[in-house]
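Student: got a predicted structure plus its sequence, pasted below:
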There are 4 protein chains.
Amino acid sequence: MSIHRLERLAGEAEARLPVAVARYFRQGSGASVSTAEAVTAWERQRLLPHALVDVSQVETGTTLLGTPVRTPIAVAPSTFQRAADPQGERAMAAAVAELGSLLTVSSNAGTRFEAIAETGVAWWLQAYLPSDRHAALPLLERAVEAGARAIVLTADTPVVANKDDGDAETIWQIAEDDWLQVNFDANYGSRPEHAKARDLGPADIEWLRERTGLPVVVKGILRPDDAARCVAAGAAAIWVSNHGGRQLDGAAATADCLPDVVAAVGDQAEVYVDGGIRSGRHVLTALALGARGVFLGRPPLWALAAGGRDRVVTEMTVLNDELVEAMQLAGMSRPRADPSLVMTARR
Amino acid sequence: MSIHRLERLAGEAEARLPVAVARYFRQGSGASVSTAEAVTAWERQRLLPHALVDVSQVETGTTLLGTPVRTPIAVAPSTFQRAADPQGERAMAAAVAELGSLLTVSSNAGTRFEAIAETGVAWWLQAYLPSDRHAALPLLERAVEAGARAIVLTADTPVVANKDDGDAETIWQIAEDDWLQVNFDANYGSRPEHAKARDLGPADIEWLRERTGLPVVVKGILRPDDAARCVAAGAAAIWVSNHGGRQLDGAAATADCLPDVVAAVGDQAEVYVDGGIRSGRHVLTALALGARGVFLGRPPLWALAAGGRDRVVTEMTVLNDELVEAMQLAGMSRPRADPSLVMTARR
Amino acid sequence: MSIHRLERLAGEAEARLPVAVARYFRQGSGASVSTAEAVTAWERQRLLPHALVDVSQVETGTTLLGTPVRTPIAVAPSTFQRAADPQGERAMAAAVAELGSLLTVSSNAGTRFEAIAETGVAWWLQAYLPSDRHAALPLLERAVEAGARAIVLTADTPVVANKDDGDAETIWQIAEDDWLQVNFDANYGSRPEHAKARDLGPADIEWLRERTGLPVVVKGILRPDDAARCVAAGAAAIWVSNHGGRQLDGAAATADCLPDVVAAVGDQAEVYVDGGIRSGRHVLTALALGARGVFLGRPPLWALAAGGRDRVVTEMTVLNDELVEAMQLAGMSRPRADPSLVMTARR
Amino acid sequence: MSIHRLERLAGEAEARLPVAVARYFRQGSGASVSTAEAVTAWERQRLLPHALVDVSQVETGTTLLGTPVRTPIAVAPSTFQRAADPQGERAMAAAVAELGSLLTVSSNAGTRFEAIAETGVAWWLQAYLPSDRHAALPLLERAVEAGARAIVLTADTPVVANKDDGDAETIWQIAEDDWLQVNFDANYGSRPEHAKARDLGPADIEWLRERTGLPVVVKGILRPDDAARCVAAGAAAIWVSNHGGRQLDGAAATADCLPDVVAAVGDQAEVYVDGGIRSGRHVLTALALGARGVFLGRPPLWALAAGGRDRVVTEMTVLNDELVEAMQLAGMSRPRADPSLVMTARR
Ligand SMILES: Cc1cc2nc3c(=O)[nH]c(=O)nc-3n(C[C@H](O)[C@H](O)[C@H](O)COP(=O)(O)O)c2cc1C
Ligand SMILES: Cc1cc2nc3c(=O)[nH]c(=O)nc-3n(C[C@H](O)[C@H](O)[C@H](O)COP(=O)(O)O)c2cc1C
Ligand SMILES: Cc1cc2nc3c(=O)[nH]c(=O)nc-3n(C[C@H](O)[C@H](O)[C@H](O)COP(=O)(O)O)c2cc1C
Ligand SMILES: Cc1cc2nc3c(=O)[nH]c(=O)nc-3n(C[C@H](O)[C@H](O)[C@H](O)COP(=O)(O)O)c2cc1C
């Protein structure tokens, strides 16, 4: 249950990647305050394990919006997977399929949905909506056709936050054309109304649900009032996230926001969390605080870069093994909320 | 939104300045405890951005005591601007005019009010009152005549705090005569009754207002009870400041004092804040906590030293761009109080 | 009363030990978060000593489940004492006997109970229960016969937590056969039902009491609700422990858990604590917070490695001398609860 | 108002002193936790200065048990002043006389009371009481005769705490005979009943008052209940102290204890504080929290070692100048309690 293992993995990955790609994967926006705090916010939680509880049958399996998964540890959407590995999203999907977990595919993915779906993975589409909502329809339809099981609406990105690259070469300068947005129409991005919508509102949740017939997950929520608004507007799940610290720098850590969101949502919707989760103990903490599932962004990307599909399987398996051990030691037989397990560190 | 950018600017400026000037700009009084804490007090605030809010029209413009400004980021009074750049206050004023912001001119300025006014800048006069209040009248009249729109009474300086220079050369040893106090009568400073008043009281607010016909801002307030006293005595605005850590060392950080002052003042007067504000995120935080405008002391001075008028324009523009981005990401369309945005960091 | 003394002792011990043994003694599970925090959690407590109190007769003697001891500082169970010193548990027992303290013997000990008992030491047996409880009976009977005065049921180890050894040689690779488990039947460990029970429950407390006729201490409790459950199920004492940080990494520090457990137990059972206790001041703090006795794991092991039986006597004597001094200075004449003595550090 | 000035002074002093003496002056007991925290406990207080208050007449003079002093900064008892300077207590007394402050003379002083009194200084005798109280009478009578104005009973030293000197040479090995205890009868210390009393109680306060006819100050109190007991038993003043961290290591910082003691004592007695006070700002904080006077231990000792009587005058004068400046900047015209001035740092 050591955060050091994934830190070593990052190092291994970065040794193989062009500097511009390595920096892009790791960096946060602004001064990277929120990115840095994400991990420590989980680390500083202290646990009060239950003793003398029967843990002979510990089970990590659960369902995410009805999809059965063997582990509550799923994969968050990230772009540029083809910069990590030539097989990109396909390799990631194959790994996640083998793990019996769930994959969120970025709308900017560099692999066609059909190729992803062919691996047999259970997957959701992450979407940014453009100014002109209708411009998104072709992408959404392709996803539905290829078997996406939910739409994840990213709500924290009306504009893309500035990242501090100094004078260094950036990933945008070395990216190949087909690393991004291969699921859009050819001319997508050429017109102003294709720019990210800055007027997203709760109504977009219902719109997405109607157009796709799929449940809608809202990703990028930190406030209980926003969570409640989304649920009232028809969201099937709330994904607590600060985008891995890549949007508003200084945004609160998700570990600190999760409890209030869970309280606001109750059992009207599922709640997930991402950001800085790096060990089985972190996952246990998130479950105890009321998350039904957790999502990882950078770790699977690093694993992909360090050793492709197989490495993703290995690393995520170790993580789930850590979770099993943590559950056994904490007295939790299956994923469930138990706030009494967490005593915020007094130091 | 990175504090590192301004830190780099300071370095650039200091490489061009005599050591005595560089130290004078940067140092606090005593052990510089309050100067050092000023920035971290903003940094440690954590934000809870609103999602799914329409930010297609983000506007930073506001008014400060009725003067329309394009940005809530204004310039605090500082002396020795001619030690930063030969054009001194004139260059600063020209930059602020171009930015559509507001300038506070130190009563000790090394440039005549007329020359400052010629740039077309909107400006306020900062004043220290002498023992014999009447000795201040010529200066005040000149300011009124040259178009000052308010008087900023600095209330935290009954005496000038000691700064620790060790045995090093100080700015006072290398300062040229006309770097300071060119708006006073020639013999000003020669008589004991010209020394800073140690018996300032609320009555001086009304006195200033009557003599100048201008609204009075009280600068250097940290306590809610003092703020209330000033407002009762006729202050048009309260400026929360610990003088950049240059007066009482160990004085509380303005980021920590602002909320209580805002609560005490209500809508009876405007509230501003300065001290350690170094990024768009800091400005956003100050606005959310109830400041109508923020003032910067060292950053524009450093910009002036690093590249004159143009550099001031560039740096302040970047800062306002950062503010726009932060507002978009936080869901704030125009400057307004929203304490729910700020979750004081629990670490 | 310095934590540095024991740190020096650890260094001395480690210089004499094979690296694999030294690491085994010191390490925690996972990232060793709980192991590291154990000591600092005592260090950060601040004390409010009583002045003008008669301390001419300071007495450290007390009883632990009726056994009179000259000091409330007793020895926790640890394996591999024969890796520290050829005389292993026998030397440890002889030292503890001379000290007039109490020894907890690990069920995995490498010395036969009879040899331990021969030293005249007052001792308790620590037991892990296997899947098939009856497989434990021979061991328990041997302990009863050899004079064990209580059974300490370790409740925090349904599985043994992973420790991060990297690629280094481990103690398991160099251990000799008779360093471990010499009090079990020869074939013990060969069958699946000998594995540690993962379904321990309160009923095992009563079972142990009935089978052995001895009082049962439950070791590895951090939660007040668990403590209450154990007491209701017949436990004679609750031992607050996170296994020296060797089980669930991130588990709360025992110094932070002790007060709530003490409050839950009241006077229905005795309460002990272990983990990171390294100075007389730490012992004083634990007593003040309501512990009747404290147990040390690593310090006596290190002493054993650094200088055998005699060194254990020396080091534990110094520790008790420190306790006496701390009691004199704090105004406590004999071990007793006094929460008013402890003001948790506000820093 | 910089703590760095006194730190530099300590360095200067230590360069002139034998290592054993330098270490003796600086060290705390145990791990020096309380000694180290003493200064930071004042440093971490944050102040909320009053603005627009008349500070044209700032006055530091006050009275301590009726004795008028020009400054509330007085000198705490310390032994071995002759190890700092050949003139020892005489030089210290002369300096304090010149400063118009007050001196506490250690009962273990190496200079006769008459010589101290000759300087004209206002002084109090600090006393430890022996097992056999009557053995103290000759010392007490000499002090009364020589003009001591109060007796300071040190209540935190039933035994002298162990200090960690490792194998280094100690001050006791190099001390000259007449550096210590020259005001005792020749044979004092030769009999067991001369050892420090371990059964001090409130009754000793009344006993001292009756025997000497002087007011009694109790030094070494950290708890409000103890303060109340002492006042009820006739104490004229309570001196909040943890003996500069030289007795119970881990004892709470006096800056943290002062407010509760002040609240418990009310106006029934005077309250003083010592420990880690190193700047005018610290003194201001102590006054604001309700101390009538503050005492310094190490700083005057270091000044004595660095430059004898004159240096003590210089350093203490600078400190009082710092206090004047801090009072002017904080809006306090004369020493008085004002808890609203102190906002404990939230960091
Ligand atoms: C390189 C990279 C690319 C990302 N791309 C997207 C994206 O296209 N859409 C999205 O909603 N989130 C994106 N994210 C955010 C992740 O989905 C997730 O919120 C975040 O990485 C979780 O934090 P972690 O990396 O600490 O696990 C990206 C993150 C990274 C690191
Ligand atoms: C070099 C320098 C000179 C200053 N001169 C004045 C002054 O003449 N009058 C005044 O009211 N404040 C003066 N100040 C304080 C500023 O107006 C302002 O309160 C402070 O600098 C804000 O903190 P910041 O520098 O961290 O932005 C000065 C500050 C500096 C750094
Ligand atoms: C090397 C080693 C072996 C241990 N073996 C056992 C054991 O066999 N049974 C048990 O209940 N606890 C065992 N423990 C835990 C101790 O009993 C005790 O809870 C812990 O060491 C206390 O913390 P401390 O080492 O900081 O004093 C062991 C600890 C160490 C360091
Ligand atoms: C070298 C030294 C000797 C001391 N001797 C005595 C003493 O004889 N009697 C006493 O009551 N306190 C004694 N003290 C404690 C001081 O009176 C005082 O409580 C303490 O030094 C205050 O802390 P400060 O040194 O941080 O100012 C001594 C302190 C030092 C540093």
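Tutor: Structure received. Ligands and ions are numbered 1, 2, ... in the order given.
Student: in the stretch 151-300 of chain A, what residue is nearest ligand 4?
Tutor: Nearest residue of the stretch 151-300 of chain A to ligand 4, counting by Cβ to the nearest ligand atom: A:Asp256, 38.5 Å away. In this view, the C-beta of every residue, glycine as well, is placed from N, C-alpha and C.
Student: is it true that that residue touches A:Ala41?
Tutor: Yes - with contact defined as Cβ atoms under 8 Å, A:Asp256 counts as touching A:Ala41 (5.9 Å).
Student: just to revisit the earlier point, the stretch of helix or strand the residue of the stretch 151-300 of chain A closest to ligand 4 belongs to near chain B at all?
Tutor: Assigned by DSSP states H and E, A:Asp256 belongs to helix A:254-265. Yes - Helix A:254-265 comes into contact with chain B (Cβ under 8 Å from any Cβ of the partner chain), by way of A:Asp256, A:Cys257.
Student: same for the very next helix or strand once past that helix, what does it pack against?
Tutor: The first helix or strand that comes after helix A:254-265 along the chain, using DSSP H and E, is strand A:270-274. Using 3 or more Cβ pairs under 8 Å, 6 or more residues apart in numbering or on different chains; DSSP states H and E, the elements in contact with strand A:270-274 are strand A:237-240, helix A:254-265, strand A:293-296.
Student: out of the ones you listed, which is the most enclosed?
Tutor: Among these, ranked by average contacts under mean count of other Cβ atoms under 10 Å in any protein chain shown, first place goes to strand A:237-240 (a mean of 28).
Student: show me how far that strand is from its chain's centre.
Tutor: From the chain centre to the centre of strand A:237-240 is a distance of 10 Å (Cα atoms, centre = their mean, to the nearest Å).
Student: what packs against that strand?
Tutor: strand A:216-221, helix A:224-232, helix A:254-265, strand A:270-274.
Student: now the helices: where do they sit in the stretch 51-200 of chain A?
Tutor: Counting by DSSP state H, counting those that start in this stretch, the segments of the stretch 51-200 of chain A that form helices are A:81-84, A:88-99, A:113-118, A:137-145, A:171-174.
Student: I'd like the average pLDDT over the longest one.
Tutor: When you say that, I think you mean helix A:88-99. Mean pLDDT, computed over helix A:88-99, is 98.
Student: may I have the helix holding A:Asp256 exported as PDB, CA atoms only?
Tutor: Output of helix A:254-265 as PDB, limited to C-alpha atoms (Å, rounded to 0.1, in the frame of the first residue of the first chain):
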ATOM      1  CA  THR A 254     -11.300  16.100  -3.900                       C
ATOM      2  CA  ALA A 255     -10.600  14.200  -0.700                       C
ATOM      3  CA  ASP A 256     -11.800  17.200   1.200                       C
ATOM      4  CA  CYS A 257     -14.800  17.800  -1.000                       C
ATOM      5  CA  LEU A 258     -16.100  14.300  -1.300                       C
ATOM      6  CA  PRO A 259     -18.000  14.000   2.100                       C
ATOM      7  CA  ASP A 260     -20.200  17.100   1.500                       C
ATOM      8  CA  VAL A 261     -21.100  16.100  -2.000                       C
ATOM      9  CA  VAL A 262     -22.000  12.600  -0.800                       C
ATOM     10  CA  ALA A 263     -24.200  14.100   1.900                       C
ATOM     11  CA  ALA A 264     -25.900  16.400  -0.700                       C
ATOM     12  CA  VAL A 265     -26.500  13.600  -3.200                       C
END
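Student: what pLDDT is listed against A:Pro192?
Tutor: At A:Pro192, pLDDT is 91.
Student: hang on, it packs against A:Pro130?
Tutor: No - at 9.5 Å, A:Pro192 does not count as touching A:Pro130 under the criterion of Cβ under 8 Å.
Student: which residues are in contact with the residue of chain A found nearest ligand 1?
Tutor: Relative to ligand 1, the nearest point of chain A is A:Gly297 (2.1 Å; Cβ to the nearest ligand atom). By Cβ atoms under 8 Å, 6 or more residues apart in numbering or on different chains, the residues touching A:Gly297 are A:Ala76, A:Pro77, A:Ser78, A:Gly244, A:Asp274, A:Gly275.
Student: give me the residue from the stretch 1-150 of chain A nearest ligand 3.
Tutor: A:Ala51 (12.2 Å).
Student: any idea how far chain D is from the nearest residue to that residue once chain neighbours are set aside?
Tutor: Leaving aside its sequence neighbours, A:Ala51 sits nearest to C:Ala155 (Cβ to Cβ, 6 or more residues apart in numbering or on different chains; 4.0 Å). From C:Ala155 across to chain D, the span is 31 Å (Cβ to the nearest Cβ, to the nearest Å).
Student: what's in contact with stretch A:325-338?
Tutor: A:1, A:47, A:49-55, A:57-62, A:72, A:262, A:280-281, A:283-284, A:287-290, A:292, A:341, C:156, C:158-159, C:161-162, C:198, C:247-248.
Student: stretch A:29-47 vs chain C: in contact?
Tutor: Yes - residues of stretch A:29-47 are located near chain C by Cβ under 8 Å from any Cβ, namely A:Glu43, A:Gln45, A:Arg46, A:Leu47.
Student: which ones are touching the second one?
Tutor: Same thing as A:Gln45. Listed by Cβ under 8 Å, 6+ apart, the contact partners of A:Gln45 are A:Ala255, A:Thr285, A:Val342, A:Met343, A:Thr344, A:Ala345, C:Gly250.
Student: is it true that the fourth one touches A:Pro49?
Tutor: Pointing back at A:Met343 there. No - in this structure, A:Met343 is not within contact of A:Pro49 by Cβ under 8 Å, at 10.7 Å.
Student: looking at these two, which is more packed in?
Tutor: Between A:Met343 and A:Pro49, A:Pro49 has the larger neighbour count (other Cβ atoms under 10 Å in any protein chain shown), namely 27 against 19.
Student: that one and C:Asp249 touch, don't they?
Tutor: No - using Cβ under 8 Å as the test, A:Pro49 is too far from C:Asp249 to be in contact (10.7 Å).
Student: ok, the nearest residue to A:Thr170 once chain neighbours are set aside to A:Arg311 distance?
Tutor: Distances taken as Cβ to Cβ, 6+ apart place A:Ala20 nearest to A:Thr170, at 5.4 Å, with adjacent residues excluded. Distance check for A:Ala20 against A:Arg311: by Cβ to Cβ, to the nearest Å, it reads 22 Å.
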